[in-house]
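Chemist: need a structure here:
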Amino acid sequence: MFESLEERVVGYGTDDILKAASETLRTKLEAENALLAWTAAWADANSADSIHPAELKLPGGPRGVRPGGEGTPEVNDLALAELAVKIKKSDYACTKFVGEVLDLRHRLPLLWEKAMRCEVEGWQARGIARHTHHLSLELARQVDEDLAGHAGLVGQQKLQNLTEAAIARVDGARMEREAAERKKQLGVWLSQTTDEGLKAMFARLEPADAIRVLARVQELADALPPDDRSADERRAAGLALLGNELEATRVLAEHRQPDLFDEEFASAVQPIDGDDEPLEESELHPSLRDKPKPAIGVDVEAAVFKAAVERIVAKLDPALLVPTSTLVVHLAAESLETGHGICRVPGIGPTLKGVVKDWLGHDRVKVVPVIDLNDTPASVDDYQIPDRHKRYLRYARPGSRFPWSTATGRLEFDHSEPYRLGGPPGQTDVARLTPLAKREHRAVTFGGWQRRQPEPDTMIFRSPHGDVQITNYSGTFDLGHGAFAHAIWNAACPNK
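Modeler: Below is the predicted model:
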């Protein structure tokens, strides 16, 4: 009888479980990448040159096709059908798969070698091949050189960002044309009414516009009177308010400038008694005194309201009513000098400088000086980390340094050398602070993880079961738990 996988793993200790999990992952990686090698071998064995000239004359006979990009060989198209069945893919999916494999081997040779050494997962390497398929052979080779040192060492999101940035560097002109073309896809659509009587609204906007609109909706939701509605319901109400621009303006104005609609305004618009009785000058609103008497009766209520509104407008602080948006853009000095280059926009990713310029083209831009990373904050004696140190670290080390972590937001900063009351001065220093996500920080503090910092921005972690990992800006290096790993761990802090 077949033994289920669940039955096979019963009765093992934690050390054996971790060892088996690691070995299983390695087996999976080797099997996945071996399929790439066998696929390339099938393409070689069924190249277009293998088609007999007589077969080329047959109507509907085999033909040479090029599934890969520029610089890859042609293969027998009918041979692809047999491979597709064997590896359980559709004909279309198999053709794309073979194209990615050939792109890797012929256009991205450095990545191909890493895949053949099982230093990068095959699906990640194929993803890079897919994103570079449209590039010329020369440009693809440049991307290969840019990414080979990172693939297999960083998480998928960071690798994707690096891939997009590398492609933008070598093919920026095309990407700017595509960005202009994408504007034709912008729009707003309304769905059919659902059975519950609701409608959905869909919008496709530029990233900066979408973020700005959502921020305005959130501000309106926050400005509404407190109630028991959920956050989503309040945001829906805030979005609906945008359809009534005067009411939305009033809500925002009152939220940003609470003293705008004060008691003085309320008393100014109270109705005046005595519909048909003549008014004494002292009974009139100050704005109506000493005015020449009109030939026709005065509409007192309208005049008083108009005067009150004028007083409110005069009190308005325009700066509080103008929508404000903050866009953080990271770019290298050479990008400022050349006028071209890649910007990194948190939450959006690598973006061409020209595209960012277009986003800001219709806004009043205020340039706020960024932190000079060469101006390192001085160390302090307190355990609490000053705000200036936190801001510096957010820019200098924008991601967690925990092994294989992809966290970039809401990071906490860990003292790589635990703070000691009464210890030496200057224990809180940016060189000895490490960004970690909350759970990662808890794992280090309470979960049995240990860490050492041989130099700024380079960390060595040891898991509760003894696995040693080195992390720095370039990624994670898994040293395992053998003698070499522990020698590195001990060398990082020989006095412990």
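Chemist: where along the stretch 351-496 of the chain do the strands fall?
Modeler: 412-415, 433-436, 450-455, 458-462, 468-472, 475-480 (DSSP state E, counting those that start in this stretch).
Chemist: from the middle of its chain, how far away would the longest helix seen in the chain be?
Modeler: With secondary structure taken from DSSP state H, the chain has its longest helix at helix 14-45. Taking Cα atoms, centre = their mean, to the nearest Å, one finds helix 14-45 lying 30 Å from the centre of the chain it belongs to.
Chemist: flag every buried residue along it.
Modeler: Buried residues in helix 14-45, counting neighbours by 16 or more other Cβ atoms under 10 Å, are found at Leu18, Leu29, Glu32, Asn33, Leu36, Thr39, Ala40, Trp42, Ala43. Placement of C-beta: from N, CA and C, glycine included.
Chemist: of those, closest to Ile51?
Modeler: Nearest to Ile51 out of the buried residues of helix 14-45 is Ala43 (Cβ to Cβ; 13.3 Å).
Chemist: the residue lying closest to that closest one once chain neighbours are set aside: how many residues sit nearby?
Modeler: The spatial neighbour of Ala43 that comes closest, neighbours along the chain excluded (Cβ to Cβ, 6 or more residues apart in numbering), is Val75 at 4.9 Å. For Val75, the number of neighbouring residues by other Cβ atoms under 10 Å comes to 30.
Chemist: repeat for Ala151
Modeler: Ala151: 24 surrounding residues under other Cβ under 10 Å.
Chemist: show me what contacts it?
Modeler: Ala151 makes contact with Leu111, Lys114, Glu119, Val120, Gln124, Ala125, Ile128, Leu159, according to Cβ atoms under 8 Å, 6 or more residues apart in numbering.
Chemist: now the strands for the stretch 1-150 of the chain?
Modeler: Using DSSP E, counting those that start in this stretch, strands in the stretch 1-150 of the chain cover 64-65, 75-76.
Chemist: distance of Gly466 from Thr351?
Modeler: Computed as Cβ to Cβ, to the nearest Å, the Gly466 to Thr351 distance reads 42 Å.
Chemist: compare these two (neighbour count), which wins?
Modeler: For Gly466 versus Thr351, neighbours defined as other Cβ under 10 Å are more numerous around Thr351 (22 against 15).
Chemist: now do the contacts for that one.
Modeler: Counting by Cβ under 8 Å, 6+ apart, the residues that Thr351 touches are Ala168, Ile342, Cys343, Arg344, Val345.
Chemist: one more time with 7 Å
Modeler: Neighbouring residues of Thr351 by Cβ atoms under 7 Å, 6 or more residues apart in numbering: Cys343, Val345.
Chemist: that older thread, looking at the strands of the stretch 1-150 of the chain, spot the one closest to Leu190.
Modeler: In terms of Cβ to Cβ, the element of the strands of the stretch 1-150 of the chain nearest to Leu190 is strand 64-65, at 43.7 Å.
Chemist: now the strands for the stretch 151-300 of the chain?
Modeler: When assigned using DSSP E, counting those that start in this stretch, the strands of the stretch 151-300 of the chain occupy the ranges 187-190, 201-204.
Chemist: let's have those in TSV, adding mean neighbour count and mean pLDDT.
Modeler: TSV is the format used below for those (neighbours: other Cβ atoms under 10 Å; pLDDT from 0 to 100):
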stretch	mean neighbour count	mean pLDDT
strand 187-190	9	93
strand 201-204	10	93
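Chemist: dump these into JSON lines; add distance to Ala236 as well.
Modeler: Formatted as JSON lines, the entries for these read as follows, by distance: least, Cβ to Cβ, whole Å:
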{"stretch": "strand 187-190", "distance to Ala236": "14"}
{"stretch": "strand 201-204", "distance to Ala236": "10"}
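Chemist: so which of these gets nearest Arg432?
Modeler: Closest approach to Arg432 among the strands of the stretch 151-300 of the chain (Cβ to Cβ): strand 201-204, 45.8 Å.
Chemist: what's the weakest-modelled helix or strand in the protein?
Modeler: Across the helices and strands of the chain, mean confidence by mean pLDDT, DSSP states H and E is lowest for helix 263-268: a mean of 53.
Chemist: comparing the strands of the stretch 351-496 of the chain, which comes out most buried?
Modeler: Neighbour counts (mean count of other Cβ atoms under 10 Å) averaged over each of these peak at strand 433-436, with a mean of 24.
Chemist: break this protein down into its domains, please.
Modeler: The chain breaks down by automatic domain parsing into domains covering 27-173, 202-272+298-321, 326-368, 387-492.
Chemist: if we can go back for a sec, and the pLDDT at the residue nearest to Ala43?
Modeler: Looking at Val75, its pLDDT is 94.
Chemist: and for Leu393?
Modeler: Leu393 is assigned a predicted lDDT (pLDDT) of 86.
Chemist: and it, what is it in contact with?
Modeler: When contacts are taken as Cβ under 7 Å, 6+ apart, Leu393 is in contact with Phe413, Val430, Leu433, Pro435.
Chemist: now the last one, nearest residue through space, not along the chain?
Modeler: Closest residue to Pro435 apart from its sequence neighbours, by Cβ to Cβ, 6+ apart: Leu411 at 4.2 Å.
Chemist: mind showing which ranges of the stretch 151-300 of the chain have poor pLDDT?
Modeler: Low-confidence segments of the stretch 151-300 of the chain, defined by pLDDT under 70: 259-300.
Chemist: hmm, Phe402 and Gly155 touching each other?
Modeler: No: taking Cβ atoms under 7 Å as the contact criterion, Gly155 and Phe402 are not neighbours in contact, 10.8 Å apart.
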